[in-house]
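> Sequence and predicted model, in that order:
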Amino acid sequence: MATQHQRTLARFMVAPSVLLLLGWMIVPLAMTLWFSFQSYNLLSPGMEQFIGFTNYRYFLSDPAFWQAMANTLLIVGGVLVITVGGGILLALLLDQPIRGQGMVRILMIAPFFIMPTVSALVWKNMFMNPVNGLFAWMAKAVGAQPIDFLAQYPLMSIILIVAWQWLPFATLILLTAMQSLDSEQMEAAEMDGAGAWAKFTHLVLPHLSRAITVVILIETIFLLSVFAEILVTTNGGPGYASTNLTYLVYSQALLQYDVGGASAGGIIAVILANIVAIFLMRMIGKTLE
Amino acid sequence: MGSITLKQVRKAFGDVEVIPGVDLQINDGEFVVFVGPSGCGKSTLLRLIAGLEDVSSGQILIDGQDMTQAAPSRRKLAMVFQSYALYPHMSVRKNIAFPLKMAGMDAAQQEARVKHAAGILNLTDYLDRRPGQLSGGQRQRVAIGRAIVREPSAFLFDEPLSNLDAALRVNMRVEISELHKKLATTMVYVTHDQVEAMTMADKIVVLRAGRVEQVGSPLELYRTPANRFVAGFIGSPNMNFIEGEPAARLGAHAIGVRPEHFAMSTTEGLLAGTVGVAEHLGSDTFLHIDLDNGSHIVARAAGEFPVHHGDRIFLTPQEGRVYRFDQNGLAL
């Protein structure tokens, strides 16, 4: 047990790092907040002035905003469904004893090490390209019309690319969780007359619930801010079909030079992230009881 | 009904032969204990009966029917595992009802059976708890409850008490014995603890390196061990073996005398020695004695036998309680 004296000392010792972290977070947030109430365009320097909530009104009434909002949630939701579902299936497969298991597992993890820009470019030029892409070649091989993925289904294509990157992560976490399942439990279930499906739904899935929660939490944090994949493939288009909130803020700030409006968008993104975080924390609280 | 017959059952993992061929008859209603040192294949033998491992050759008959290739759930056997293997995310009620649910029984009937089993095992107050909220002994009872509700033709226990502390183990031992009397169902019980084997079994099967060394009732094994291994394994403390001149006098390679079968004196006797450690337990005194011919033996004396470290002592084995073994360790 720490004495009163030790505790006071500990607080003094921790204080510098707490202050540093607080400043690190507060300064950019405060600046963004400040800019979001300013009329601040890079094309008209020296004209900055306080304009109240006008930036927010413009950003929220922009038709692109609601579409970007929907796209953000679609990307997060879509990628989560694919990675968690696919991750469970792959983990089940990789959990089986096979020859060259170590090699297969390393191959499995590989996509996670590839930079987002690189993997997006590879997908764009080597798989999804309607002329040279592998998918186009396959379509032509069976006499079908090649699909121009990034033009016809831009959002779906981006979800696919991002999901491909995150699938190994989900697989890895779920595989380790699966390996910690007590084999005697599985045998007990076998004695109790449970078939493969019953064992999966009654034993494996409940056992994985924590790991699934962790995957959802970590992925959501990163998926809310998908950016590189959009920039190098569709540039948010056609129209705003594949623009998410992050990309909209970027285009507001660096394509339209409207720092004030972008700041307002940034603050809205922060609020959205916090709402999502509250839901996630509740979910985690339930599974980790 | 619950008779189990093993005919030349053999099990090999790759090139390693774990069980070279076992013949065994387990009668309906019997409490059979497989006992042996760790790694002797007793758990493997139990898992072969359960169907969790496939036999390499041989036959397993349950109630006269060939079940060698049958799936575990079709053998009508219930197993209690060493780690209890309870389903951690289900309540006690759901744990016990799980085999019934898998069998597709309707909910009311499930509930009745669970209530009945919980009543037998004193679990009624804990039905809504999770396994994580129970003590070791209670978890053990839930595992037994999950076995009981299926009304199997035989129960298989795989070292069920080894995770419990000493006091609880004694209690659970009695509870399982009482349960056997109450249900009168065949039970096959695996343990490495010969005390459990002696106290619970109708029939003990002593195994070593996958081979059956001897089968018999506890007292049969105690009185007439077939060989040196069984003689040394059954009984606590272990039997003393003396080789050389005293054995040769009786025409054997080695003689065995249990610690409780010595007459002790401070003045005269057949074997002379020096007391090393004297363990005074109150009811008994265990004397560790270094004999003059170099061997070390343990003898049991009455509660307040007045000897101490370094005292001279003389021992005489009781008439008719000396076991003689030949070169190969077989009883003569």
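The structure has been received and is ready for your questions.
> can you tell me the helix or strand for residue 10?
Here I'm looking at chain A. Using DSSP states H and E, the secondary-structure element containing A:Ala10 is helix A:4-36.
> meant chain B, my bad for not saying
Under the assignment given by DSSP H and E, the secondary-structure element containing B:Arg10 is strand B:4-13.
> Quick one: residues contacting the residue most central in space within chain B.
Of all residues in chain B, the one closest to the mean position by Cα atoms, centre = their mean is B:Ala197, 3.3 Å from it. For B:Ala197, the residues meeting the contact criterion (Cβ atoms under 8 Å, 6 or more residues apart in numbering or on different chains) are B:33, B:35, B:191, B:204, B:218, B:234. Heads up, the C-betas are built off the backbone N, CA and C, glycines and all.
> And for A:Leu255?
Contacts of A:Leu255 (Cβ under 8 Å, 6+ apart): none.
> Distance check, it against A:Leu248.
According to Cβ to Cβ, to the nearest Å, A:Leu255 stands 10 Å off from A:Leu248.
> Quick one: the strands in the stretch 1-150 of chain B, in order.
Under the criterion DSSP state E, counting those that start in this stretch, the stretch 1-150 of chain B carries strands at the ranges B:4-13, B:16-26, B:31-35, B:57-62, B:65-66, B:77-80.
> got the CA positions of the second one in CSV?
The C-alpha atoms that make up strand B:16-26 are tabulated as CSV, following Å, rounded to 0.1, in the frame of the first residue of the first chain:
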residue,chain,number,x,y,z
VAL,B,16,4.7,-45.6,-30.8
GLU,B,17,2.5,-48.4,-29.4
VAL,B,18,0.7,-47.1,-26.4
ILE,B,19,-1.5,-50.0,-25.7
PRO,B,20,-0.2,-53.3,-27.1
GLY,B,21,-3.4,-55.3,-26.7
VAL,B,22,-5.9,-55.3,-23.8
ASP,B,23,-8.6,-57.8,-23.0
LEU,B,24,-11.0,-56.7,-20.3
GLN,B,25,-14.5,-57.5,-19.1
ILE,B,26,-16.4,-54.8,-17.2
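> what does that strand contact?
Residues outside strand B:16-26 that contact it (Cβ under 8 Å, 6+ apart): B:3-12, B:32, B:41, B:44-45, B:48, B:58, B:154, B:186, B:188, B:203, B:205, B:210-212, B:215.
> Let's see that with 6 Å instead.
B:4-6, B:8-11, B:32, B:41, B:44, B:210, B:212 (Cβ atoms under 6 Å, 6 or more residues apart in numbering or on different chains).
> likewise the first one?
Outside strand B:4-13, the residues within contact range by Cβ under 6 Å, 6+ apart are B:18-19, B:21-22, B:24-26, B:44, B:48, B:55-62.
> for the record, mean pLDDT for it?
When the per-residue pLDDT values of strand B:4-13 are averaged, the result is 90.
> for the closest residue to B:Arg324 other than its chain neighbours, what are its contacts?
Computed as Cβ to Cβ, 6 or more residues apart in numbering or on different chains, the closest residue to B:Arg324 that is not its neighbour in sequence is B:Ala252, at 3.6 Å. In this structure, B:Ala252 makes contact with B:324-325, B:332, judged by Cβ under 6 Å, 6+ apart.
> Sort out which one of the residues you listed lies nearest A:Ala273 for me.
Taking Cβ to Cβ as the measure, A:Ala273 lies nearest B:Phe325 of the contacts of B:Ala252, at 79.9 Å.
> from memory that closest one sits against B:Arg228, does it?
Yes. Here B:Phe325 reaches B:Arg228: they are 4.9 Å apart, a contact under Cβ atoms under 6 Å.
> Tell me the confidence at the residue positioned nearest the centre of chain A?
When chain A is reduced to its mean C-alpha position, the closest residue under Cα atoms, centre = their mean turns out to be A:Leu223, at 1.4 Å. Per-residue pLDDT puts A:Leu223 at 91.
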